[in-house]
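>>> Structure of the sequence below:
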Amino acid sequence: MLEFFRCTKWKIKGYLFFKNFVDKLFLKKNVLLRLALFSIHFMTSTQDTPYFNSKLPHLGTTIFTVMSALAREQEAINLSQGFPDFDCDPNIIDLVTHYMKSGANQYAPMSGVLPLREAIAEAAENLYGCILNPETEITITSGASESIFNALACVIRPGDEVIILEPAYDLYKPVTELFGGQIVAIPMEVPSYRVNWDQVEAAITERTRLIMVNTPHNPSGTILREADMRRLAEIVRNRNIFVISDEVYEHIVFDQEFHASVLRYPELRERSFAVFSFGKTFHATGWRIGYCIAPATLSREFRKIHQFNTFATFTPAQFALADFMRNADNYLNLRAFFQERRDKFRALMQETPFQLLECEGTYFQLASYGHLSDEKDQDYCVRLTKEVGVATIPLSPFYATETDHSIIRFCFAKKHETLERAVERLVQYEDRLGR
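Sure thing, here's the model as predicted:
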């Protein structure tokens, strides 16, 4: 009570100051005005409220949330955010249900259930020729985003520099800055979205601590090839530089190309955190289950962060995924599954005036509209959602400086009828695509 009156005394002093000011200004004592001022000052005073200094003052809501919300508001067809509108395999749902009913509902081991880590090790050996110790080199996380967060947290110190290739997934920059790191953004060549490795090497300083790569690449849909990975290995050789390789679309690579995982290259693997996603692979993004593969020394540091971040991940789904992975076709068939959708969507889009860019992987298709309109890409996507009823993603938010090349991203991880209805609207309202 004493503390209350002590705080209130200062609020009353503040009120008296404002009262005298108002009395002099209006040359009369308006009781109602003074009472109103007292009420406002008393209720809004920050005398006892700590000053909050945001660690990420320039960060707003992600473009994915913004465009999906707008799509719902406008009842538009949502080809913006990267999630399927079809369900995952019913067999894996049955497996999750089985393990829930069997009592697997308590904390999983911090590093993940061993059968799942063993299944991952077997798959990595078959796919990439990489021999892993499931006890010490594989950690199950609550989504790939947590893996990236943990990897950055255990490597980055204040003042360290992180090289990213833009356009880049919007998680990389704010998490780096959260730990005091500085982003060094290297633009990919447009419209091919190839990496200029000479430019990457020229950007390296004594403060460079990490290079982030993403293949298959979101948002461009391009892939890194063997020559890219060997050039990256040359760049980091004999340097104290780590690599985070975001490989969440590892199984979605088209036209007989292979996925150039860092796990294929021993020189890279020994300094890399390789990040993967079951959500992307098995059409279950809402489960938020991913994993990180890293050498034992790096995994030990990674797990120090993980254990005080989420500690463990949804237990019954881990056992279900371990069983589901026993049939390799469940993930190997993903390439053909999405290539068929890519080809169908690209064929449909030939009826529109958009100029399509190459799509080598992921389930994203880029399209240029610069010949149709000079609008900024974010304005264009908003108008497309409102006036045409199709929601897409602008590319400028994938750049630190919001570079705008008049290119937008479509997601084709949708039912055939969804893609058909979306393109029908684009054709029907073709006159609204330009301005």
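>>> pLDDT on stretch 150-161, on average?
Across stretch 150-161, the average pLDDT comes to 97.
>>> Please report how far the closest residue in space to R300 that isn't next to it in sequence lies from R303.
Leaving aside its sequence neighbours, R300 sits nearest to T136 (Cβ to Cβ, 6 or more residues apart in numbering; 7.8 Å). Placement of C-beta: from N, CA and C, glycine included. As for T136, its distance to R303 is 10 Å (criterion: Cβ to Cβ, to the nearest Å).
>>> Likewise for L384?
For L384 relative to R303 (Cβ to Cβ), the value is 44 Å.
>>> between those two, who's got more neighbours?
Between L384 and R303, counted using other Cβ atoms under 10 Å, L384 has the larger neighbour count: 27 against 21.
>>> Please tell me I have it right and the more buried one contacts P394.
No: using Cβ atoms under 8 Å as the test, L384 is too far from P394 to be in contact (9.8 Å).
>>> which neighbours do the two share?
The overlap between the contact sets of L384 and P394 (Cβ atoms under 8 Å, 6 or more residues apart in numbering) consists of I408.
>>> Please report phi then psi for S245.
phi -110, psi 110 (degrees, to the nearest 10).
>>> so what's it closest to, chain neighbours aside?
V262 (4.3 Å).
>>> G370 now?
S406 (3.4 Å).
>>> contacting residues around that neighbour?
Counting by Cβ under 8 Å, 6+ apart, S406 has contacts 368-370, 373-374, 377, 380.
>>> Filter those down to the buried ones.
Buried members of the contacts of S406, scored by 16 or more other Cβ atoms under 10 Å, are 368-369, 373, 377, 380.
>>> Closest to A294 out of those?
D377 (35.9 Å; Cβ to Cβ).
>>> Go ahead and confirm that closest one touches T392.
No: look at D377 against T392 with Cβ under 8 Å: they stay out of range, at 9.3 Å.
>>> joint contacts of the two?
With Cβ under 8 Å, 6+ apart, D377 and T392 have common neighbours I408.
>>> CA atoms only for stretch 296-308 - export them in CSV, please.
What follows is stretch 296-308 as a C-alpha-only set of coordinates in CSV (Å, rounded to 0.1, in the frame of the first residue of the first chain):
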residue,chain,number,x,y,z
ALA,A,296,29.3,-35.2,-33.2
THR,A,297,31.2,-32.2,-32.1
LEU,A,298,28.7,-29.8,-33.7
SER,A,299,25.7,-31.9,-32.6
ARG,A,300,26.8,-31.7,-28.9
GLU,A,301,26.7,-27.9,-29.1
PHE,A,302,23.5,-28.0,-31.1
ARG,A,303,21.8,-30.2,-28.5
LYS,A,304,22.8,-27.7,-25.7
ILE,A,305,20.5,-25.2,-27.4
HIS,A,306,17.8,-27.7,-28.4
GLN,A,307,17.4,-29.1,-24.8
PHE,A,308,16.5,-25.6,-23.5
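>>> now it, how far from the centre of its chain.
21 Å (Cα atoms, centre = their mean, to the nearest Å).
>>> same question, stretch 194-214
20 Å.
>>> dump the residue contacts of the closest residue to A284 other than its chain neighbours.
Closest residue to A284 apart from its sequence neighbours, by Cβ to Cβ, 6+ apart: C88 at 4.5 Å. Listed by Cβ under 8 Å, 6+ apart, the contact set of C88 reads 282-284.
>>> Next, C88: secondary structure please.
coil (DSSP: H, G, I helix; E, B strand; the rest coil).
>>> for it, phi and psi?
phi -80, psi 170.
>>> Quick check: pLDDT value at it.
Confidence for C88, expressed as pLDDT, is 95.
>>> K280 versus that one, what's the distance?
11 Å.
>>> next one: S368
26 Å.
>>> What about the closest residue to V388 other than its chain neighbours, how many residues nearby?
Excluding the flanking residues, the one nearest V388 by Cβ to Cβ, 6+ apart is Y429, at 4.6 Å. Y429: 14 surrounding residues under other Cβ under 10 Å.
>>> so the closest residue to Q365 other than its chain neighbours is in which element?
Of all residues not flanking Q365 in the chain, F410 sits nearest, at 4.6 Å (Cβ to Cβ, 6+ apart). Using DSSP states H and E, F410 maps to strand 407-411.
>>> Just give the strands next to that strand in its sheet, each with its orientation.
Strand 407-411 has the following strand partners under DSSP bridges: strand 364-368 (antiparallel), strand 393-394 (antiparallel).
>>> hmm, back to that, among the contacts of S406, which are in helices?
Using DSSP state H, the members of the contacts of S406 that fall in helices are 377, 380.
>>> Export the contacts of S406 as TSV, with columns for distance to I223.
Shown next, in TSV, are those (distance: Cβ to Cβ, whole Å):
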residue	distance to I223
S368	20
Y369	24
G370	24
S373	30
D374	31
D377	23
Y380	27
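>>> Next, the contact list for the closest residue to F412 other than its chain neighbours, please.
Nearest residue to F412, sequence neighbours excluded (Cβ to Cβ, 6+ apart): F345, at 4.1 Å. F345 makes contact with 365, 410, 412, 419, 423, according to Cβ under 8 Å, 6+ apart.
>>> Am I right that the last one falls within a helix?
Yes: assessed with three-state DSSP, V423 lies in a helix.
>>> Quick one: residues contacting it.
Applying Cβ under 8 Å, 6+ apart, the residues near V423 are 345, 348-349, 351-352.
>>> can you check A400 too?
Counting by Cβ under 8 Å, 6+ apart, A400 has contacts 166, 173, 183, 185.
>>> name the element the third one belongs to?
With the criterion set as DSSP H and E, the secondary-structure element containing I183 is strand 182-187.
>>> Check what pLDDT the residue lying closest to P158 once chain neighbours are set aside gets.
Nearest residue to P158, sequence neighbours excluded (Cβ to Cβ, 6+ apart): G180, at 3.1 Å. What the model reports as pLDDT for G180 is 96.
>>> Measure how buried G180 is and give me the count.
12.
>>> before we move on, what about Y265?
There are 18 residues near Y265, going by other Cβ under 10 Å.
>>> How about the one 3 residues further on?
The tally of other residues near L268 (other Cβ under 10 Å) stands at 22.
>>> dump the residue contacts of it.
So L268 contacts 229, 232-233, 236, 243, 245, 262 (Cβ under 8 Å, 6+ apart).
>>> Show me which of those residues is closest to A153.
Out of those, the member with the shortest distance to A153 (by Cβ to Cβ) is V243, at 15.9 Å.
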